[in-house]
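Colleague: below are the sequence and a predicted model; questions follow.
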Amino acid sequence: MPSHETSVSRSVVILQDRLRIGGTERQSVWLAEALGQRAWDYQLRLLLPESVERSEGGALAGIREFVSILGSFMSLLRELRASRPDVMICMGRVANSVGFLAKCFLPGLKLVTTCRTNRALPYFYRFSVRQSELCIANSSWAATEVAKAVGLPTARIVHIENALLRPQLFDLDLSPEAKATARSGLGLDLNGPVLCNISSFVPGKNKHDLLDAFARCKLGSTAVLLLVGEGSERDRCKQRAKDLGISAQVRFLGKTDSIEPILQASDLFVSTSLRDSLPNALIEAQAAGLPVVAYDVAGASEAFDQERSGLAVRSGEVDAFSRAIERLISSPQLRCDFGAHGRARAQKLYSPKIIGARYDAALSQLFGE
């Protein structure tokens, strides 16, 4: 593992629920490697293997899952007694909910909890936060909310944004020729408006409002909405598009890691999500030079500058969301200005090198360094 010369060698364990495709999981993998490059001895440990799915079978299934998670965590703690890590960082709702137990079994451990959600925090999650030496929130909104919910002094909360894990987006070609090539590859009209959204089809992403807003927009029959992702709500969204009479204009592209051509082909990124504390998708869109329109929920509007790189719309105001889309689509110059500002802002705030340094500094301060 990477190592640099330093006066004191520190070790860190990053505890993650499981590895799937979500933003927190990707941030955990990146963070382990980033800290390794900064002289930390690191381990990335999972509470449950990737193959184990979350329970949806009622209270009894939930209890069984909890018992399984607890057993897995206790086994992990027994393993860690030998290596005695200096720091444990909990990533994910489950990891944060059992993190407090590590303080009992690993004397001297510095516990770091995280808050990366706008959902209510379970009791044991809040208990872990209170027991932790530091809580890292990925938005100022989350930092404020966790302070209120847990009663934690603000001195023990640090705001560190998500790292942009696709830095190649900064170099994405935004020329008209590149856009035309990307559209041709996706079978899109070369001149019609193209909107996109990249996120899972789950209730919290609220794609029904997005479909409603697109249906109300006066963009013409050549306008297209690209929806990237999979999930339990996909079939319902397909039916909703059919009911709204926009099936021919909505493309369900499925799950893909190759988002560059989709962003390249698009004029605007749109999101009506209700769930995210700081949406990775909004950061990636701006890195690709796209203006954004998003519901002003939790820390979403912190991901862009209002009236400079995007437009924030109050949650549930579908007509206002439609008007915001129309405003940007009707003005190529405004889109260009917003896109340029958003890309510069993303480079300044979310580059992996900058975020990695901030994590390193926050953890080092736990030891008075």
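Modeller: Sure thing, it's come through. Numbering: from 1, shown residues only.
Colleague: for Leu363, give its distance to Trp40.
Modeller: 8 Å (C-beta to C-beta, to the nearest Å). The way it works is simple: take the backbone N, C-alpha and C, and place the C-beta from them, glycine included.
Colleague: so what sits against both of these two?
Modeller: 10, 12 (C-beta atoms under 8 Å, 6 or more residues apart in numbering).
Colleague: doesn't His341 lie inside a strand?
Modeller: No: secondary structure of His341 (DSSP: H, G, I helix; E, B strand; the rest coil): helix, not part of a strand.
Colleague: what's the burial count for it?
Modeller: 19 (other C-beta atoms under 10 Å).
Colleague: just the terminal-to-terminal distance for stretch 159-170.
Modeller: Stretch 159-170 stretches 24 Å from its first residue to its last (C-alpha to C-alpha, to the nearest Å).
Colleague: please tell me how far it is from the chain's geometric centre.
Modeller: Once both centres are worked out by C-alpha atoms, centre = their mean, to the nearest Å, stretch 159-170 turns out to sit 10 Å from its chain's centre.
Colleague: could you give the mean pLDDT of it?
Modeller: Stretch 159-170 comes out with an average pLDDT of 94.
Colleague: so which bits of that stretch are buried?
Modeller: 159-166, 169-170 (16 or more other C-beta atoms under 10 Å).
Colleague: what is the nearest of the residues you listed to Ile198?
Modeller: Nearest to Ile198 out of the buried residues of stretch 159-170 is Arg166 (C-beta to C-beta; 11.0 Å).
Colleague: surely the closest one meets Ala287?
Modeller: Yes: the pair Arg166 / Ala287 is scored as a contact, 7.1 Å apart, by C-beta atoms under 8 Å.
Colleague: so in the protein, where's the weakest helix or strand by average pLDDT?
Modeller: helix 59-83 (a mean of 78; mean pLDDT, DSSP states H and E).
Colleague: what's in contact with that helix?
Modeller: Against helix 59-83 from outside (C-beta under 8 Å, 6+ apart): 11, 13, 15, 43, 45, 47-48, 52, 54-55, 94, 98, 101-102, 105-106.
Colleague: make a ChimeraX selection of the buried ones in those.
Modeller: Typed into ChimeraX, the line below selects the buried ones among those, using 16+ other C-beta under 10 Å:
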select :11,13,15,43,45,47,48,94,98,101,102,106
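Colleague: spatially nearest residue to Arg251 (excluding sequence neighbours)?
Modeller: Nearest non-adjacent residue to Arg251, counting by C-beta to C-beta, 6 or more residues apart in numbering: Leu226, 5.1 Å away.
Colleague: per-residue confidence at that neighbour?
Modeller: So, for Leu226, pLDDT stands at 98.
Colleague: what pairs with whichever helix or strand it is part of, parallel or antiparallel?
Modeller: Assigned by DSSP states H and E, Leu226 belongs to strand 224-228. Note on strand 224-228: by DSSP bridges, its sheet partners are strand 194-198 (parallel), strand 250-254 (parallel).
Colleague: next, format these as a markdown table and append distance to Phe367, mean neighbour count and mean pLDDT.
Modeller: Putting these into a markdown table (distance: least, C-beta to C-beta, whole Å; neighbours: other C-beta atoms under 10 Å; pLDDT from 0 to 100) gives the following:
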| stretch | distance to Phe367 | mean neighbour count | mean pLDDT |
| --- | --- | --- | --- |
| strand 194-198 | 39 | 25 | 98 |
| strand 250-254 | 46 | 17 | 97 |
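Colleague: closest one to Ile325 among the ones you listed?
Modeller: Of all the strands paired with strand 224-228, strand 194-198 comes closest under C-beta to C-beta, at 6.8 Å.
Colleague: next helix or strand past that closest one?
Modeller: Criterion used, DSSP H and E; the element after strand 194-198 is helix 207-216.
Colleague: before we move on, the earlier item: need the strands paired with strand 224-228 in TSV with distance to Ala180, can you?
Modeller: Below are those laid out as TSV (distance: least, C-beta to C-beta, whole Å):
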stretch	distance to Ala180
strand 194-198	12
strand 250-254	18
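Colleague: how about those strands, which one is nearest Thr272?
Modeller: It's strand 194-198; of these, that one is closest to Thr272 (C-beta to C-beta) at 8.3 Å.
Colleague: contact partners of that closest one?
Modeller: Contact with strand 194-198 is made by 183, 188, 207, 210, 214, 223-229, 259, 262-263, 265-271, 281, 284-285, 290, 325, 329, as judged by C-beta under 8 Å, 6+ apart.
Colleague: that one to helix 207-216, inter-axis angle?
Modeller: 180 degrees (axes from the mean of the first three to the mean of the last three C-alpha atoms, to 10 degrees).
Colleague: chain center to strand 194-198, what's the gap?
Modeller: The answer for strand 194-198 is 17 Å, by C-alpha atoms, centre = their mean.
Colleague: wasn't Leu111 part of a helix?
Modeller: No: under three-state DSSP, Leu111 falls outside any helix and is assigned strand.
Colleague: which residues pair with it across the strands?
Modeller: Met88.
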